[in-house]
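Colleague: Need coordinates for the below:
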Amino acid sequence: MRYLFLYEMIIVIIPWLVVLIVSWVGVENMGGGGGGDGLTFLDKNGTLVLKGIAILLILFSHLGGHYTRIFTPCGGIGVALFLFISGYGLTKSDEKNGLQHYWTKRLVGVWLPYVLIQVFTSGLHPLDILLIKPSHPFGWYLNYLMIWYFMFWIIHRWVFLKRNRTFFLTLTGIILFFISREIRAEQSFSFIAGVMFAVHDWKGKIQWKNGMVLLLIAIGFLACKQTAIIRESPQVIYSFIQLMIKLPAALAIICFVFCTNRWINYRYFLWVGILSYEIYLIHGYTINIYNTGMPMIHIVLVFSGLTFALSVGMHCVDTYLSGKLWEILLYKTKDRRD
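Modeller: Got it, this is the predicted structure:
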């Protein structure tokens, strides 16, 4: 038994050592991130830090969900952060380059990694390949993201729609809120919030006091959610309560990160952010480790080590193949993901 335990610990420790070494070298080569010089609001490093926080919140939700409901809201907050970042990044990219290579970037950055993970896990079918009906355990998010990608492209393709994008994006959000299941409905305005921040240049609103107000709003609605009358209410009311927890909490995190980054070193959130998409895809399958019957501490350690180690490997493969795909398509650019 002693040797078995030592063997298990070695299996757990080795992936973590690989991850730590790769991440440290990677971040050093990128010039640090967080602490000291601070982060610029939603620049490349700032975006990666938020992505790192977002994926960790999602992991907390899925991991903790096996034992307690306390961490359940974390997943939705993480998704809200991802959607906000997407809306903000796409808008800034449109202001700079228009819709140049728009779908090619989505193909390389979102579709290619998804196809790779599915090929090696559950296989592919036509609706899965097109992300219309993803078979991935958490594929709903990718389908939902593609809806927003499509609507953003449509609205920014025509001048009339673009001039009135606030109205048309809000209308899209309202429609999705009323026709979607709860998990989608609660995210109906997260993408829009990112677009609005970029359009109106609201980075000046990233302040401590605003973060505290947003956090109190989220906590207030979270308290309301626990009451029997809300839990027994129609889906549209319950979804609205969820929305008012997830989006304000995500915005509060953004405020706190960029108000504290000169004193707090966000280096490790940065490298997790680099791997965030791969972690999202990989953990949908490694989470099945929870069904093995191992002791909880072993499950958590093995899950964490295996997920991050496989994510590093997948990221390397993604980077190589996406580079080759860009060469084939004759599009050469440094930023292959928004």
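Colleague: Run through the residues that contact the nearest residue to residue 51 once chain neighbours are set aside.
Modeller: What sits nearest to residue 51 in space, not counting adjacent residues and going by C-beta to C-beta, 6 or more residues apart in numbering, is residue 273, at 3.7 Å. Using the backbone N, CA and C atoms, a C-beta is placed for each residue, glycine as well. The contact partners of residue 273, taken as C-beta atoms under 8 Å, 6 or more residues apart in numbering, are 47-53, 55.
Colleague: ok, now with 7 Å
Modeller: Shown in contact with residue 273 (C-beta atoms under 7 Å, 6 or more residues apart in numbering): 48-49, 51-52.
Colleague: just checking, what packs against the longest helix along the chain?
Modeller: Identified as the longest helix of the chain according to DSSP state H is helix 296-328. With contacts defined as 3 or more C-beta pairs under 7 Å, 6 or more residues apart in numbering; DSSP states H and E, the packing partners of helix 296-328 are helix 2-30, helix 112-119, helix 276-286.
Colleague: Not counting the last one itself, show me its contacts.
Modeller: Contact partners of helix 276-286, identified using C-beta under 7 Å, 6+ apart, comprise 51-52, 54-55, 58-59, 62, 113-114, 117, 121, 136-138, 303, 306-308, 310-311, 314-315, 318.
Colleague: which element follows the helix or strand encompassing residue 211 toward the C-terminus?
Modeller: Assigned by DSSP states H and E, residue 211 belongs to helix 208-225. Using DSSP H and E, the helix or strand that follows helix 208-225 in sequence is helix 228-231.
Colleague: How far does that following helix sit from its chain's centre?
Modeller: Put simply, helix 228-231 sits 29 Å off its chain's centre (C-alpha atoms, centre = their mean, to the nearest Å).
Colleague: and what of stretch 318-328?
Modeller: In terms of C-alpha atoms, centre = their mean, the centre of stretch 318-328 is set 22 Å apart from its chain centre.
Colleague: List the buried residues for it?
Modeller: Residues of stretch 318-328 classed as buried by neighbour count (16 or more other C-beta atoms under 10 Å): 318, 322, 326.
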